[in-house]
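Q: Quick check, what structure comes out for this input:
(6 chains)
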6 protein chains.
Amino acid sequence: MHNNRKDMPMVPNRKASLPVVYGDTPSFLGADVLDARSLVKGYDVIVAGVPWEGTITWGSSSSCEQAPRTIRHASARYGGFLPEYEIDLFDHIKLGDIGDVTVNSGNPAATMKNVFAAMDAIYKNQSIPVVLGGDHSFTQEIVRALGANHGGDIGVIHFDAHFDNSPNFGDDEFPRCGPIHRISQLDNVRKESIVHLAIRGPRNSPSQFAYAKKMGASIFNIRDIRKHGMDSIIEKAITIARKNTKHVFVSICSDCIDAAFNPGGPADFNGLFPNELFSALYRLGEEGIAGLDYVEVYPKQDPQSVSSWGWLREIRTN
Amino acid sequence: MHNNRKDMPMVPNRKASLPVVYGDTPSFLGADVLDARSLVKGYDVIVAGVPWEGTITWGSSSSCEQAPRTIRHASARYGGFLPEYEIDLFDHIKLGDIGDVTVNSGNPAATMKNVFAAMDAIYKNQSIPVVLGGDHSFTQEIVRALGANHGGDIGVIHFDAHFDNSPNFGDDEFPRCGPIHRISQLDNVRKESIVHLAIRGPRNSPSQFAYAKKMGASIFNIRDIRKHGMDSIIEKAITIARKNTKHVFVSICSDCIDAAFNPGGPADFNGLFPNELFSALYRLGEEGIAGLDYVEVYPKQDPQSVSSWGWLREIRTN
Amino acid sequence: MHNNRKDMPMVPNRKASLPVVYGDTPSFLGADVLDARSLVKGYDVIVAGVPWEGTITWGSSSSCEQAPRTIRHASARYGGFLPEYEIDLFDHIKLGDIGDVTVNSGNPAATMKNVFAAMDAIYKNQSIPVVLGGDHSFTQEIVRALGANHGGDIGVIHFDAHFDNSPNFGDDEFPRCGPIHRISQLDNVRKESIVHLAIRGPRNSPSQFAYAKKMGASIFNIRDIRKHGMDSIIEKAITIARKNTKHVFVSICSDCIDAAFNPGGPADFNGLFPNELFSALYRLGEEGIAGLDYVEVYPKQDPQSVSSWGWLREIRTN
Amino acid sequence: MHNNRKDMPMVPNRKASLPVVYGDTPSFLGADVLDARSLVKGYDVIVAGVPWEGTITWGSSSSCEQAPRTIRHASARYGGFLPEYEIDLFDHIKLGDIGDVTVNSGNPAATMKNVFAAMDAIYKNQSIPVVLGGDHSFTQEIVRALGANHGGDIGVIHFDAHFDNSPNFGDDEFPRCGPIHRISQLDNVRKESIVHLAIRGPRNSPSQFAYAKKMGASIFNIRDIRKHGMDSIIEKAITIARKNTKHVFVSICSDCIDAAFNPGGPADFNGLFPNELFSALYRLGEEGIAGLDYVEVYPKQDPQSVSSWGWLREIRTN
Amino acid sequence: MHNNRKDMPMVPNRKASLPVVYGDTPSFLGADVLDARSLVKGYDVIVAGVPWEGTITWGSSSSCEQAPRTIRHASARYGGFLPEYEIDLFDHIKLGDIGDVTVNSGNPAATMKNVFAAMDAIYKNQSIPVVLGGDHSFTQEIVRALGANHGGDIGVIHFDAHFDNSPNFGDDEFPRCGPIHRISQLDNVRKESIVHLAIRGPRNSPSQFAYAKKMGASIFNIRDIRKHGMDSIIEKAITIARKNTKHVFVSICSDCIDAAFNPGGPADFNGLFPNELFSALYRLGEEGIAGLDYVEVYPKQDPQSVSSWGWLREIRTN
Amino acid sequence: MHNNRKDMPMVPNRKASLPVVYGDTPSFLGADVLDARSLVKGYDVIVAGVPWEGTITWGSSSSCEQAPRTIRHASARYGGFLPEYEIDLFDHIKLGDIGDVTVNSGNPAATMKNVFAAMDAIYKNQSIPVVLGGDHSFTQEIVRALGANHGGDIGVIHFDAHFDNSPNFGDDEFPRCGPIHRISQLDNVRKESIVHLAIRGPRNSPSQFAYAKKMGASIFNIRDIRKHGMDSIIEKAITIARKNTKHVFVSICSDCIDAAFNPGGPADFNGLFPNELFSALYRLGEEGIAGLDYVEVYPKQDPQSVSSWGWLREIRTN
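A: Modelled structure (predicted):
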């Protein structure tokens, strides 16, 4: 019923009408539910969750392992139409959801392998992964799978308040503050095409700054963005990430956004406004990217993660 | 005691000194309490509450039926003086408060009639209504009363994240997502003088967008406002709303504001900043309007609704 | 271990590694803990807390007496490095912490004397005080101590939503809404060099506005800042505060910031964005100031107070 | 489908399967929805809500006007079967729900008349009302309707921490602390057959105690109940309430229960344990009563109100 | 250092001194951390977590998958000494912790197999499992592993507000409301030795009651316990569970406890008081049991789960 | 106006009518406000607050330094009449309030001296102190002052979940877990007349238990109270505390009460029910005591502390 689709999502009992990815959790935005073990071709984008909370760098529990579930529940409030762009996501991409990757709280290495395997299957399926964290521990596995399946070097655009490039955190070799370090060790990644966006504040260490500088990464901190505008900065970021690379991967830590707009994330103020992130993502969608993760949502509230999917419009394996 | 008034609101036990509109609820900003059944002439603006929650479009209970009470309590913290405009509201308008309209939770149609009757009395009194919701179900009753009492066509400026122009929601013919549809059916309303401001996000349906387009309404979405600035957009909105009309009515859904500044409303980010709404309202006050409602406040917190009343300065029946 | 310092604050059990100022409360940003009764020379800046809640002007309890403790706990999450300025605070200043001033809830006058004595000792030590409130009652004691120890007139830059210049609040002669009035009575203070920044909203009274005007203070309200930009306004403020004075004192009420970014403060929207306050403070740090307080944090959440300390870089007794 | 009913309430989407009393609010326990204006015979018990909050005796807003809605939503989690009694409520009584009485926040007297009219219709229908408050203002209207429709005197069993027999509260003649006073003025009520149960704590005034004594009411305070046991006390209460009367009405203020078990009520500890209230209600159900109200639920949480309906088993007009 | 152990847990930084089971999560009560893949002999009791939330029977998310983590964090506040019994748990049993079982949110069947495998290893190690849920889906896997490793029939003592013996919930064959049904299908379980304790309230269906009756299970509902006392009831339960069986397994759903004492569980009042549960568990510890799980803790608050471990004193493989 | 007093506390604006002890904080139960420096004779009982939070033994901040303020605010809801005892506190004792003792967060020893000085003045005034904590650090100062002013030995009745008799906590010599140790060092205290009531749970260490035993203190743990009833146990406690002593001091840690009834205290379940504590206190009031403190209230919620004051009826210097 064509009309019906045009009424989405403004209909009674919307959530109950969506496919269920597990338990009573609807698929992300009502996407088709796919079996991770036997993917079907034809999906532009496949969503996967990683309900993982590894070592915490402050406090005792951030609850981010609940985010893949709660983001999907929140997404049931939304449809694919964005009036400010006058486009409907579902006119442009076919979206699937494979549910969550298996995690083992006591075994980060095994969990990372599970993430890799799921991502590997998605890339082999000629699809692009959109991954809902969990914490920031696993991004390198997505990039590794991208490298393993597609030739050519990779650039990385990283939205975050923090560098997240620590080699370790105490004894933990997969800490949430380290994915960019692990990414920078991958063969296919061109270090000079790593771009940090929205870096700010005294939660970063001098060592992390030095590491970013040493490997040749570009840093656009929040003052750069305020001074030049996101429209200009994102063009520079794309140019750098595209230089001598074949793919661009995007990793978004929710705290790139100012804490006022990100109540379910760490308390870091002076961050991006939603419109700055949304417009950058839309531009990246036009440009075409090879994968994305959105991590570190602490599910007390997380609704804003959804508004940005319009950028998926132009996504293709490139 | 002239001095005393000049000290307002910075005095001990301020709330206890204000007139009571019912129970222990102070009148809005300490306005004179009026008897709805026998209004007195001479009031420029009369405040009324509509403690109504009809069908909810997401979740089970939004608590907006408490807002007329909690907004009045919050308003006791404020006076009429706005230092950023160097004006005192009470130097310019005489403000009354008739308390709340009678509601019947099981009978939306009867409730709508009650709203109409209260508004009809206000317009007959040569006053202008400022209505505190409650949900967005009843706006058409205010506009209908305006049309019934004053000749000439009406333009509508609608601040909202959402179009709110659905013909129905399931079986409900007075849903909160539909007032603009019902307004557009009124004889006195000029459809091409309906202006939607701050529209955004995937909670809107394609059908709603299509309806707005079809009736000839103007849409200034959040990207338009970010691009051109609210000062410019509000001028355009006024021009459109004024074209071939005699009156302009203003309907404000709290979620026109970004959720960060509207903790007591729906979780829709990338909305207006307070200064954008406040300056637009001030400009509308200069221009002169024929009524206003402010709806969909969910009273966990709602204080920002009050700071904007400076615009009332220039209000007059026009 | 030099490397170790460069890893700060991204190390396990960071808080447990910091000096303790009392109980289990770490010193502010891990500063050296000093004995207030026998200060040691060589500290550029000395932090002190004033866990004071006097008369409340709205509601029953704001909890601001807990802020010196909770701000210090929050500061343990941070180091001194600010990537957006590429500087490390601790490369530029030597920071001490004397813990909290003794307070007596029943005796505001005695408490004020205690604040004065602590400040007097800090100035005599050739250091500059940074004071964590508590409410806004005691600022005049810091300025008084500055005047008592250093010759020359004093200008004051006051960031606040409110004038806070009431002569009294009921019977209370040290109300939180009055420090600027008490400061304006001090001999060393040049009234025309008092600058109010970010004033806004209907919680201010006409009398307060009139007092500011009468004494010749400058007012840059939030509309002025939005119109001209903080970069421009802060230069004007410095020029005025510096005119015919030898020292500039800075008093910051947390509600100068918009309530969205200041969840632990009063509900006053349409305030400063964090980047506006942070850049103004950085500029003041370059300019050099003679003391600062940060008050009215209500410790439900207060993390943003910390991000701004980069401005301390250039601080010196001037 | 008989089996299906036996699976209740342990089925998916239970709430969506229930009749809707208004908006998206299910009827109480899934009862038949009745039209208040044309009641049908054959219903043993008819539920009605009174979403009323009048003057508050402490604080600013208790939110009890939301309770009729939230109690109904909570009741959707339950069926009629009580394993501890091995009975199913719906094997014994036929239950209807007329939704809520119309309220007018500014007009207590008019609201009281509405309550009377609704109760009058229920009694005329040979049904018994169960009324969900709202605050404790309106109980006398139910008793008045009972008296108007059925001959013979009335006894009242009142579960409450407080006497609620004040003649007024300031100027308010319908305060929530006064229903027992108003009931005691009714012709059909036998004052000596009024029984207060679970009275306790320093929120009661000497005047209230004196009034209860003077009119000859019986008081079983919490110490009496602890000493003799509820089983014994409820028998005494029934005997007193039945003496020379023809009907017994039961009024329950949620704060008869200890605050630990009544998080949505006033903070009065040392109250009844749930098993004490439940067993007393069951006993009253066996005995047969002529109506009941349950008031002063503040809907932050209210689930315990539902577990007690087993007593409805034996209800009949007596 | 013997003295040191005697000071536990009243020492600074207690949590930081405990072994870590994963990330920064301490082992339960500071137990030795064991490798699940190569268990070591000599441990009387081995703790395992199952961070699993399957289909939810009410609402959208209960957060019980976080409980294994949060219970361990809470346990760091406690030692092994119980002054009311004058015993120290660690004088009687050697306790290990293997961390959490691997879960796959989209694959309940695979998760159940993981639970079985972990339990199988524990029983093969001559240890007894204590399992921290997660929801109530997996209990049959523990009992199955018990049966697979030790000869003889099994009795089950089940503390719960609800029967939890539904054959399915919609399409889900492993629902949280069904473990007792699945247990009753196991060969080694003697149906007549299943004992339900603390059953109560209208969240149970007639079908569940009928199933319990039909299979010959015993039911001691909350009224039975109130009437006869837990001391008496637990003896009866042990006698029934022991009749013609060789092992007794204990399954505890947190909502057996009254909601007032179980803020992190479902809102079911009129449940056990803590002393009733604790003394029953102590008695079971004396008697000796063959395994236990504690499920359905929703980690907003969960501290009470810990106080009961004194009963572990007498545990042995029997 | 005699009648007026009999209406207390059921009158509008009750709190505003009470004397203010500081800021806008009413005196405890509306007691006369006294000047601590020049006490007036004739007061049976004098209330003092100690807004002190020293080292925390778990977590980072308990907020108990706010309790003297918040308990007083809560007390404004109450009068002196207790219907369950049919007495009015104010018919029996004359009550004063001296506000709070001066505290210095960085100097526990100085703070202790301040407590001693305040208590010394109260005893010299022939009054009895009732002290509102604050944490449990300072009880020995009250007992010390009692000993210094009145001849004869002292017995101590201590209501608490925990022994609180640690000699130190890390380096802190005045920890909240140690007052009973410090009391036991005082000359006038008879160790064998120290009675611990309501001890329970694994937050106690073996060393603490051993210390209590070694000094000859009596322990009535929660199981003893459940078994024999509080009425019997309190008689035994009085007998022991009175044996060879002249005075009995009572120290109450809020966590003697079960956490369900003490939401503003530590999460220790299986504690006293309110009626058990209240009746014990009433009995102690009849018996006559020489002072009391009530500590460790964490002011998120604390209202229950007030209901118990009926016992003050019979207090006298004895």
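
Q: Helices of chain A, residue ranges please.
A: Taking DSSP state H as the test, the helices found in chain A are A:2-7, A:67-75, A:89-92, A:108-124, A:139-149, A:179-184, A:206-215, A:222-228, A:230-242, A:274-287.

Q: now A:Leu292, nearest residue through space, not along the chain?
A: Nearest non-adjacent residue to A:Leu292, counting by CB to CB, 6 or more residues apart in numbering or on different chains: A:Val250, 4.4 Å away. For the C-beta atoms, the positions are set from N, CA and C on the backbone; glycine is no exception.

Q: And A:Ala16, by the same measure?
A: Nearest to A:Ala16 is D:Asn13, by CB to CB, 6+ apart, at 6.1 Å.

Q: coming back round to it: put together TSV for the helices of chain A, with mean neighbour count, mean pLDDT and distance to F:Arg200 on each row.
A: TSV is the format used below for the helices of chain A (neighbours: other CB atoms under 10 Å in any protein chain shown; pLDDT from 0 to 100; distance: least, CB to CB, whole Å):
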stretch	mean neighbour count	mean pLDDT	distance to F:Arg200
helix A:2-7	12	71	59
helix A:67-75	25	90	37
helix A:89-92	16	88	58
helix A:108-124	20	97	39
helix A:139-149	23	98	48
helix A:179-184	24	98	46
helix A:206-215	18	97	48
helix A:222-228	18	96	52
helix A:230-242	18	98	58
helix A:274-287	23	90	50
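
Q: ok, now which ones touch A:Ala280?
A: Counting by CB atoms under 8 Å, 6 or more residues apart in numbering or on different chains, A:Ala280 makes contact with A:Phe159, A:Leu197, A:Met230, A:Ile233, A:Ile234.

Q: so which of those comes closest to D:Phe273?
A: Using CB to CB, A:Phe159 is the member of these that lies nearest D:Phe273, at 53.7 Å.

Q: Can you name the residues that contact the closest residue to that closest one other than its chain neighbours?
A: Of all residues not flanking A:Phe159 in the chain, A:Cys256 sits nearest, at 3.9 Å (CB to CB, 6+ apart). By CB under 8 Å, 6+ apart, A:Cys256 lies in contact with A:Phe159, A:Asp160, A:Ala161, A:Leu197, A:Ala198, A:Gly271, A:Leu272, A:Leu277.

Q: ok, now A:Glu192?
A: A:Glu192 neighbours (CB under 8 Å, 6+ apart): A:Met215, A:Gly216, A:Ala217, A:Ser218, A:Ile240, A:Lys243.

Q: ok, 7 Å please
A: A:Gly216 (CB atoms under 7 Å, 6 or more residues apart in numbering or on different chains).

Q: pLDDT score assigned to it?
A: pLDDT recorded at A:Glu192 is 98.

Q: separation between it and A:Asp153?
A: Distance of A:Glu192 to A:Asp153, given as CB to CB, to the nearest Å: 10 Å.

Q: State the distance from the residue nearest to A:Ala16 to D:His73.
A: From D:Asn13 to D:His73 the distance is 14 Å (CB to CB).

Q: Can you tell me which residues in chain A are near chain D?
A: Chain A comes close to chain D at residues A:Asn13, A:Ala16, as judged by CB under 7 Å from any CB of the partner chain.

Q: Going by distance to chain C, which of the contacts of A:Cys256 wins?
A: A:Gly271 (8.4 Å; CB to the nearest CB).

Q: How confident was the prediction at the closest one?
A: In this model, A:Gly271 carries a pLDDT of 93.

Q: Quick check: A:Ser254 touching A:Asp293?
A: No - applying CB atoms under 7 Å as the test, A:Ser254 and A:Asp293 come out as separate, 10.9 Å apart.

Q: follow-up on the earlier one: how about the helices of chain A, which one is nearest E:Tyr298?
A: helix A:67-75 (13.9 Å).

Q: does any part of that closest one sit near chain E?
A: Yes - contact of helix A:67-75 with chain E (CB under 7 Å from any CB) involves A:Arg69, A:Thr70, A:His73.

Q: now those residues as TSV including distance to F:Pro263?
A: Putting the residues of helix A:67-75 next to chain E into TSV (distance: CB to CB, whole Å) gives the following:
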residue	distance to F:Pro263
A:Arg69	29
A:Thr70	26
A:His73	29
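
Q: which among the residues you listed gets closest to chain E?
A: Among these, and counting by CB to the nearest CB, the member closest to chain E is A:His73, at 5.2 Å.

Q: check contacts around that closest one.
A: Neighbours of A:His73 in contact, by CB under 7 Å, 6+ apart: A:Thr25, A:Pro26, E:Ser60, E:Ser61.

Q: before we move on, the earlier item: could you tell me how many residues sit around the residue nearest to A:Ala16?
A: D:Asn13 has 11 neighbouring residues, counting by other CB atoms under 10 Å in any protein chain shown.

Q: now do A:Val20
A: 18.

Q: do the one 3 residues further on as well
A: The burial count assigned to A:Gly23 is 22, neighbours taken as other CB under 10 Å.

Q: now do A:Ile219
A: Number of residues near A:Ile219 (other CB under 10 Å) recorded here: 19.

Q: separation between the residue in the stretch 101-250 of chain A positioned nearest to chain F and A:Phe159?
A: Nearest residue of the stretch 101-250 of chain A to chain F, counting by CB to the nearest CB: A:Arg203, 18.0 Å away. A:Arg203 sits 15 Å away from A:Phe159, going by CB to CB.

Q: same deal with A:Val195?
A: For A:Val195, the distance to A:Phe159 - CB to CB - is 9 Å.

Q: between these two, who's got more neighbours?
A: More crowded of A:Val195 and A:Phe159, by other CB under 10 Å: A:Phe159, with 27 against 24.

Q: my read: that one touches A:Phe249, true?
A: No - contact criterion CB under 7 Å: A:Phe159 and A:Phe249 do not qualify, at 11.9 Å.

Q: Need the pLDDT of the residue nearest to A:Tyr294 when sequence neighbours are not counted.
A: Leaving out its chain neighbours, the residue that sits closest to A:Tyr294 by CB to CB, 6+ apart is A:Ile252, at 4.8 Å. A:Ile252 is assigned 95 on the pLDDT scale.

Q: that older thread, kindly reformat the helices of chain A as JSON lines containing distance to C:Leu89.
A: Supplementary listing: the helices of chain A in JSON lines, determined by distance: least, CB to CB, whole Å:
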{"stretch": "helix A:2-7", "distance to C:Leu89": "56"}
{"stretch": "helix A:67-75", "distance to C:Leu89": "34"}
{"stretch": "helix A:89-92", "distance to C:Leu89": "45"}
{"stretch": "helix A:108-124", "distance to C:Leu89": "34"}
{"stretch": "helix A:139-149", "distance to C:Leu89": "30"}
{"stretch": "helix A:179-184", "distance to C:Leu89": "24"}
{"stretch": "helix A:206-215", "distance to C:Leu89": "11"}
{"stretch": "helix A:222-228", "distance to C:Leu89": "16"}
{"stretch": "helix A:230-242", "distance to C:Leu89": "26"}
{"stretch": "helix A:274-287", "distance to C:Leu89": "27"}
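
Q: Would you mind telling me which of those is nearest E:Asn165?
A: The nearest among those, by CB to CB, is helix A:67-75 at 26.6 Å.

Q: tell me which parts of chain A are close to chain C?
A: Checking chain A against chain C by CB under 7 Å from any CB, the hits are A:57-58, A:166, A:169-170, A:177, A:199-209, A:221-223, A:226, A:260, A:267, A:269-270.

Q: which of the contacts of A:Cys256 lies closest to F:Arg77?
A: A:Gly271 (42.8 Å).

Q: Please verify my assumption that that closest one contacts A:Ala161.
A: Yes - counting by CB under 7 Å, A:Gly271 does reach A:Ala161; the two are 5.9 Å apart.
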